[in-house]
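A.B. asks: Any chance you can model this:
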Amino acid sequence: MELLKTHFRGYVWRHVLSILVGLMLLRGAKTLTSLRGEESVPTLSRTLNLYPWPLEELIATRRQLISQALKKRHLRRRGRRPTVYLIIDDTVIPKRGKVLPWLGFHFSPSQDRVVRGWDLVFAAVRVGSLTVPWGWHLYVNERFLKEEDFRKRTELACELIRSFEPPLESRVIVLVDSTYCCKPVIETSLARGFTLIG
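C.D. replies: You can find the predicted model right below:
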């Protein structure tokens, strides 16, 4: 948290800290209301929506912290280094807002129906018993974008594989379901020297 603190102004960090602590304590929380404490919900919401977030710096810092934690956990152990698993999948996050950008209709397997919301293609890293989120891309329906800007889910998955820097120098296995077990994803994995299991 101290490393993250350097990326925020003092008056914003107080609210960010409230959000982070709240999320850690209330893992199952689905709304900002459940994080209510000394800070008001509108203030927390404003912090997330209005203040500028140094997104690229935060992503790089988060990945650096994850890599350091994984190295610290596994490099001191004797024997063979553990396999690094890169898990590629997608999930639909239902949303009701009317002014949220890029909302589309997507099939949600968890609800077994088509819902209005966001579709995220994401990558998670698993080493030993530890699984952490690594990266994600928003899939946007074709009707919202110009033809040259539209990217399929498989293209987003390939981008996640290409940008993945293994936290440990050991074998990397990419795990995908049938949606991503296709020629472009397989070729991208092989080009990086990764094994793919679909």
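A.B. asks: How far off centre is stretch 50-67?
C.D. replies: 12 Å (CA atoms, centre = their mean, to the nearest Å).
A.B. asks: To clarify, my last question referred to stretch 156-174.
C.D. replies: 14 Å.
A.B. asks: what about Arg96, neighbour count?
C.D. replies: 9 (other CB atoms under 10 Å). Any C-beta I mention is one placed from the backbone N, CA and C, and that applies to glycine too.
A.B. asks: and the gap between it and Leu103?
C.D. replies: Per CB to CB, to the nearest Å, Arg96 is found 9 Å from Leu103.
A.B. asks: Report the set of residues contacting both of those two.
C.D. replies: Arg116 (CB atoms under 8 Å, 6 or more residues apart in numbering).
A.B. asks: the bottom helix or strand of the protein by mean pLDDT?
C.D. replies: In the chain, no helix or strand scores lower on mean pLDDT, DSSP states H and E than helix 41-49, which sits at a mean of 65.
A.B. asks: what's the following helix or strand past that helix packed up against?
C.D. replies: Sequence order places helix 55-74 as the next helix or strand after helix 41-49, per DSSP states H and E. Applying 3 or more CB pairs under 8 Å, 6 or more residues apart in numbering; DSSP states H and E, one finds that helix 55-74 contacts helix 2-5, strand 113-127, strand 130-139.
A.B. asks: What count of nearby residues applies to Glu147?
C.D. replies: Neighbours around Glu147, by other CB under 10 Å: 6.
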